[in-house]
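1. Have a look at this prediction, sequence included:
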Amino acid sequence: MIAHALFVSLMVALAQAQSPSPLALARTAITPDQVRKDIAELASDEMGGRFFRSPFAEKAAQWIVARMASEGVTMERKTIDTNAETGPNLVGVLDPRPETRTDGCVLVTAHYDHLRPKRSGDDKIHNGADDNASGVAGMIAVAHALQSCAAAGVGPRCRVLFVAFNGEEAGMVGSRAFVKDPPVPLGEIRAVFNMDMISRGKPREIFIDGGPKGATVIATLRRANEAIGLKLRVDEHPDWLDRSDQGPFLKKGVPAVLFSVEDHEDYHKVSDEVAKIDASLAAEVAQLVALAAIDAAAEPFAARKDPEPAPPATIPAPPKAR
Ligand SMILES: [Zn+2]
């Protein structure tokens, strides 16, 4: 057994020595052109704004399932409530090679729903290119990059879960359902990388918020970013911690961060269209998430036994969603 284990370690080390770096692979795998193409499809008028409890959200869900399948990731539909009109969360898993597999998992997440059409005006459809076709395109790009890294023997050592949340705009319905009935124990989640609006604002600059609970993820991101060189604006918006799908995880003590730009002139307007996006920014954020996911999967980890703080006596109303 020892000889076998040594042999396996040797082969893994050799494969890694001969492989391109995750950085080089992520830079090749994630291109602004592909990110823009994915955003354009998800934010097209045919998707009708992807609003919660509509056939348009279902159409978007089916598009994501097919697109992730083309990256070799099977997305399962997870029901989030008993309303027949409510579409699912989508959850897919990337498994590491058994010989290198380590404990815990990493989550890469983005919400796919947006807003119902306006009642009047020439343009009624809320395309939601930045909010949040950009985050979903980022998640797909991360899947593509991690598959490349895995094929080269330098992929994540723990499982990576890709989650496309539904109902974020309706008060984080999907992510609250996820933490209530999680497909993996919450204590086994090493890090949550949640992308919500990653394609507007100043070039090469992104806001990352995780607060005290997200500090370990932010430390990992800062190290990974040394190779990417984005301008990271960290923890400048404590009021954002609750504003997207990382919120329910942070409340349960799960290390999580939000990647986002600041509100812009097209925020929650019909003019949030693909023509306005910065696909290079979204691509570089996705590259950073891919590298950080690999790093987070390699760090020492012990599952948290008691991630849940005492529940509040009354459940406060959800804050306004992004
Ligand atoms: Zn959003």
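-> Yep, that arrived.

2. near the ion at all, the host helix or strand of Val35?
-> Here Val35 is covered by helix 32-42, with elements defined by DSSP states H and E. No. Figure legend: helix 32-42 not in contact with the ion (C-beta under 5 Å from the ion); closest approach 12.6 Å. Every residue, glycine included, has its C-beta placed from N, CA and C.

3. For the stretch 51-200 of the chain, what lies in contact range of the ion?
-> 131-132, 196.

4. buried set for stretch 46-56?
-> Within stretch 46-56, the residues scored as buried using 16 or more other C-beta atoms under 10 Å are 47-54, 56.

5. Identify the residues contacting it?
-> For stretch 46-56, contacts defined as C-beta atoms under 8 Å, 6 or more residues apart in numbering pick out 41-42, 57, 59-60, 63, 83, 85-87, 112-117, 125-128, 166-167, 169-170, 173.

6. go again using 6 Å as the cut-off
-> Contacts to stretch 46-56, defined as C-beta atoms under 6 Å, 6 or more residues apart in numbering, come from residues 57, 60, 85-86, 113-117, 125-126, 167, 170.

7. cool, stretch 217-229 as well?
-> Residues outside stretch 217-229 that contact it (C-beta under 6 Å, 6+ apart) are 23, 191, 210, 232, 234, 255, 257, 287-288, 291-292, 295-296.

8. residues touching Trp240, list them.
-> For Trp240, the contacting residues are 209, 258, by C-beta under 6 Å, 6+ apart.

9. Return the backbone torsion pair for Val192.
-> Main-chain torsions, Val192, degrees, to the nearest 10: phi -120, psi 120.

10. And the pLDDT for it?
-> Listed pLDDT for Val192 reads 98.

11. bridging residues for the spatially most central residue of the chain?
-> Nearest residue to the geometric centre of the chain (C-alpha atoms, centre = their mean): Thr109, 2.5 Å. Beta-bridge pairing for Thr109 (DSSP bridges): Val163, Asn194.

12. From the ion, how far off is it?
-> Using C-beta to the ion, to the nearest Å, Thr109 is found at 12 Å from the ion.

13. give me the number of residues near the residue nearest to Ala40 when sequence neighbours are not counted?
-> Leaving aside its chain neighbours, Ala40 sits nearest to Val274 (4.6 Å; criterion: C-beta to C-beta, 6 or more residues apart in numbering). By the measure other C-beta atoms under 10 Å, the count of residues near Val274 is 21.

14. Val274: what's it in contact with?
-> Applying C-beta under 6 Å, 6+ apart to Val274 gives the contacts 39-40, 43, 129.

15. Pull up the gap between it and the ion, please.
-> Val274 sits 16 Å away from the ion when distances are taken as C-beta to the ion.

16. Gly247 now?
-> Look at Gly247 and the ion: by C-beta to the ion, they are 12 Å apart.

17. State the pLDDT value of that residue.
-> Confidence score, pLDDT, at Gly247: 98.

18. Leu6 too?
-> Leu6 carries a pLDDT value of 67.

19. likewise the one 3 residues further on?
-> Confidence at Ser9, expressed as pLDDT, is 69.
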